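Novice: A structural model of the following input is requested.
(chains A and B)
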Amino acid sequence: MTNTVRSIWDYLKEISGENAYDRYLAVHTATHPGKPAMNRGEFYRARQDEKYANPGSRCP
Amino acid sequence: MGNSIRRYGVWLGVALVGAICWGVLALSRGETVNAGWLLFAAIASYAIAYRFYARFIQKKVLETDDSRATPAERLNNGRDFEPMDRRVLFGHHFAAIAGAGPLVGPVLAAQMGFLPGTIWIIVGVILAGAVQDMTTLFFSMRRDGKSLGQMAREEIGPVGGAAALIAVLSIMVILLAVLALVVVNALAASPWGAFSLAMTLPIAVLMGVYLRFLRPGRVLEVSIIGIGLLILAIIGGGWISESSPYAEAWTFTPNQLTFALIVYGFVASVLPVWVLLAPRDYLSTFMKIGTIALLAVGIAITLPPMNMPRFTEFAFNGQGPVFAGSLFPFVFIIIACGALSGFHSLVASGTTPKLIQKESQVHPIGYGAMLVESFVAVMAMIAAVTLDPGVYFAMNANPALLGDTVQSASQAVNGFGFSVSPQTLQSTANAVGEDSIVGRTGGAPTLAVGISAIFAGVTGIFGAALQAFWYHFAIMFEALFILTTVDAGTRVGRFMIQDLIGNVWRPFARPSWLPGNIIASALIVAGWGYFLWAGVNDPLGGINQLFPLFGIANQLLAAVALTVGTTILIKMGKLRYAWVTGLPLAWDAAVTLTASWQKIFSTDPAIGFFAQRAAAQQSIQAGQLNDTMAALGAASIDDARQILVNTTVDGVLSIIFAVAIIIVIGDAARLWFGLIRGGKEPEMSEAPWQESHLDSEGNEIEREPVGAR
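Specialist: Okay, here's the model as predicted:
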């Protein structure tokens, strides 16, 4: 039961993009060691602006 | 051996369950059929189609190749191209394709009985809709995520490409107008609904500030807060509607709401996204998925009987009061989303192909997500047909025919061949906390009554039915994501116009250039705003005039997608499988062109725009309404003038749509014959093969796998 709730929660985190920053940080430190990474706020602001700068279409 | 017997035994069992359910649906002699049969017929059909037909398309027709790197892997830039887990991508893709469409169309089509619409939703999705989504996704993925318009231009030619662009822009305008009209009809004269929807604005701004500055990226947290506030807003709406001074202040006429929506659409398109659009997007996505899941559970628990007959006489005589026209072609036009929706081809050639990890995943994501959307349409149909048919017609028929009172509506419904007492109409309205439910067209209120009855059946088990709360919950849920579509659609249209004008005059193409932003937003809002205004003030009922146009436009886009698909299949040397997209295309073209023909040339003024126009013109010239106009529901010469303008615009649009379909298919057919006769070498714009280094979970493959090419 706890496992199911846990995995649903993890899925929601994944799908809502909540853990996107953690993933970015991991990739960034691995590929550009020593370079400063964006902080959480900068990362999400940049990501949000980017996502809607080129809006995909969606269905009614 | 034993294993394979067991495996096929299971599928035989599924087929048997499906066959029995369909049999009961079609043949049972009882008074009413239980919705459970429909639910299981749908699930069994989907399962078989997914396992056998979709896999056939994946293996034989498209020949997906998992050793080939997808654009997400090859072009990975950590932003728009990025391999995404298939379960997560499924969620994103589903959220992008499932909107208000599958909730509205089936409700309107229910006037012909529950069977025609249901058969089309299920058979249509299996053979046409899901095939379109899956093949478009695959072809776009093989071309580094090119859009449908680009593919049409490159694979068919500039003429087909231009027609596709016109289709996309015009469908956008009609679509936004129709959806906004649904909201206006649901909220007019309903202080409860108007208050709770208005509250979503401050809630969205609050969420936006929270996400942008206070706790960036904490999406789940802020969504939970948002949904909590939303529920409070619905409860608050109940208090508002009970206290007379506030109720009066929150009661709006359709024209006031139209004005508010137009201003809102413009402001939302000009403002930065984080203020309204982004937070609203989260809110409506979670509400959408949550409500759909709740509805499935609710139907499975309550198993309501379906009170609408299998077929009503309107399926055959074309005199339906909700929309005119007979079963063929209009059921297939009215139900677009959920069965075959051209709009999905834009999503399937947008962001999804750039994120897909493995080629074979077009099967669950392209085909699978569309099956789920179809299931949503089936549930909407169930919610509508569990209503008393008399109540259904009193809500959905042209308001001009129903009159203003429950008595006149009851009489009108008797005239349609159904019966409902004035008391039933009043008590239904009281139960959902509204003054009246008569003439609440647009599908949303009907669906909300159906959903609220189902939810109230569930919560009733625990002692409190709360039907009025659930009704406004459903209204809010539909209005919320229609408004999100209006936001997003206006913005997409704005970008298209900026891009279009940008071709001629450079600075316009820059999305951040404020004058360009304002002018393009104003143009697109003026476009749908005009149709919305015309629909709200249409003496003959806007929904029944505009919804068929929306359906035709949507199916036109599907024709473009299927034509592109068929062309590419022929170019790939898969002529013998070209029927996979070719047959749905033939059907879609037949439906759309027949519907267009009837809308343009029919001499029946209830159907043909130009027959209506002629009757209006005669009335204006004679200085008094003739019988035809009066029978349609016009009340004055001013009505006739309004009808003259509306039918001219609608009729011309019908002609444009029909011509565009003929051009696209004709242009492609010319190419097909050239290719089949072998005169020309096919030119394909597929990206070259490159080896993949990822497994199906997205992990790096260490060594060369055995048997790779």
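Novice: any weak-confidence spans in the chain?
Specialist: As the question left the chain open, I've gone with chain A. A:53-60 (pLDDT under 70).
Novice: oops, wrong one, chain B.
Specialist: In chain B, residues with pLDDT under 70: B:1-2, B:79, B:679-680, B:702-709.
Novice: all strands for it, in order.
Specialist: Ranges of strands in chain B, per DSSP state E, are B:33-34, B:305-306.
Novice: of all those, which lies closest to B:G117?
Specialist: strand B:305-306 (11.8 Å; CB to CB). All C-beta atoms are positioned from the backbone trio N, CA, C, and that covers glycine.
Novice: helices or strands up against the closest one?
Specialist: Judged by 3 or more CB pairs under 8 Å, 6 or more residues apart in numbering or on different chains; DSSP states H and E, strand B:305-306 is in contact with strand B:33-34, helix B:35-48.
Novice: including distance to B:S410, could the ones you listed go into JSON lines?
Specialist: As requested, those are exported to JSON lines (distance: least, CB to CB, whole Å):
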{"stretch": "strand B:33-34", "distance to B:S410": "26"}
{"stretch": "helix B:35-48", "distance to B:S410": "26"}
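Novice: got TSV for the ones you listed, with mean neighbour count and distance to B:A595 too?
Specialist: Formatted as TSV, the helices and strands packed on strand B:305-306 follow (neighbours: other CB atoms under 10 Å in any protein chain shown; distance: least, CB to CB, whole Å):
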stretch	mean neighbour count	distance to B:A595
strand B:33-34	20	29
helix B:35-48	21	25
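Novice: which of these sits closest to chain A?
Specialist: Evaluated over the helices and strands packed on strand B:305-306, closeness to chain A peaks at helix B:35-48, with 18.8 Å, by CB to the nearest CB.
Novice: contact partners of that closest one?
Specialist: Identification of contacts with helix B:35-48 by CB atoms under 8 Å, 6 or more residues apart in numbering or on different chains yields B:11, B:14-15, B:17-18, B:21-22, B:24-25, B:28, B:114, B:118, B:121-122, B:125-126, B:299-300, B:303-306, B:371, B:374-375, B:378, B:381-382, B:385-386.
Novice: mind listing what the residue nearest the centre of chain A touches?
Specialist: Centroid-nearest residue in chain A: A:A20, 1.7 Å away (criterion: CA atoms, centre = their mean). If you count contacts by CB under 8 Å, 6+ apart, A:A20 has them with A:F43, A:Y44, A:R47, B:G217.
Novice: and the two most separated of these?
Specialist: A:R47 and B:G217 (8.2 Å).
Novice: which neighbours do the two share?
Specialist: With CB under 8 Å, 6+ apart, A:R47 and B:G217 have common neighbours A:G17, A:A20.
Novice: look at those two and report which has more neighbours.
Specialist: B:G217 (23 against 18; other CB atoms under 10 Å in any protein chain shown).
Novice: that older thread, filter the contacts of helix B:35-48 down to the buried ones.
Specialist: Using 16 or more other CB atoms under 10 Å in any protein chain shown as the burial test, those include B:14, B:18, B:21-22, B:24-25, B:114, B:118, B:121-122, B:125-126, B:299, B:304, B:306, B:371, B:374-375, B:378, B:381-382, B:385-386 as buried.
Novice: setting aside sequence neighbours, what's the nearest residue to B:T459?
Specialist: B:L466 (5.5 Å; CB to CB, 6 or more residues apart in numbering or on different chains).
Novice: need the phi and psi values for the one you found.
Specialist: phi 50, psi 40 (degrees, to the nearest 10).
Novice: what distance do you get for it to chain A?
Specialist: Between B:L466 and chain A the computed distance is 26 Å (CB to the nearest CB, to the nearest Å).
Novice: so what's that residue up against?
Specialist: Applying CB under 8 Å, 6+ apart, the residues near B:L466 are B:F455, B:A456, B:T459.
Novice: what is the nearest of those to B:L675?
Specialist: B:F455 (54.3 Å).
Novice: what is the neighbour count of the closest one?
Specialist: 24.
Novice: which residues sit in contact with the nearest residue to it once chain neighbours are set aside?
Specialist: In space, and not counting its chain neighbours, B:F455 is closest to B:W470: 4.2 Å by CB to CB, 6+ apart. Applying CB under 8 Å, 6+ apart to B:W470 gives the contacts B:I451, B:S452, B:F455, B:A456, B:T459.
Novice: could you redo the last one with a cut-off of 6 Å?
Specialist: Each residue near B:W470 by CB atoms under 6 Å, 6 or more residues apart in numbering or on different chains is listed here: B:S452, B:F455, B:A456.
Novice: what about B:D588, distance to chain A?
Specialist: 17 Å.
Novice: my read: that residue touches B:A559, true?
Specialist: Yes. Contact criterion CB atoms under 6 Å: B:D588 and B:A559 qualify, at 5.2 Å.
Novice: from the contacts of B:L466, which is closest to chain A?
Specialist: Looking across the contacts of B:L466 and measuring by CB to the nearest CB, the closest to chain A is B:F455, at 21.9 Å.
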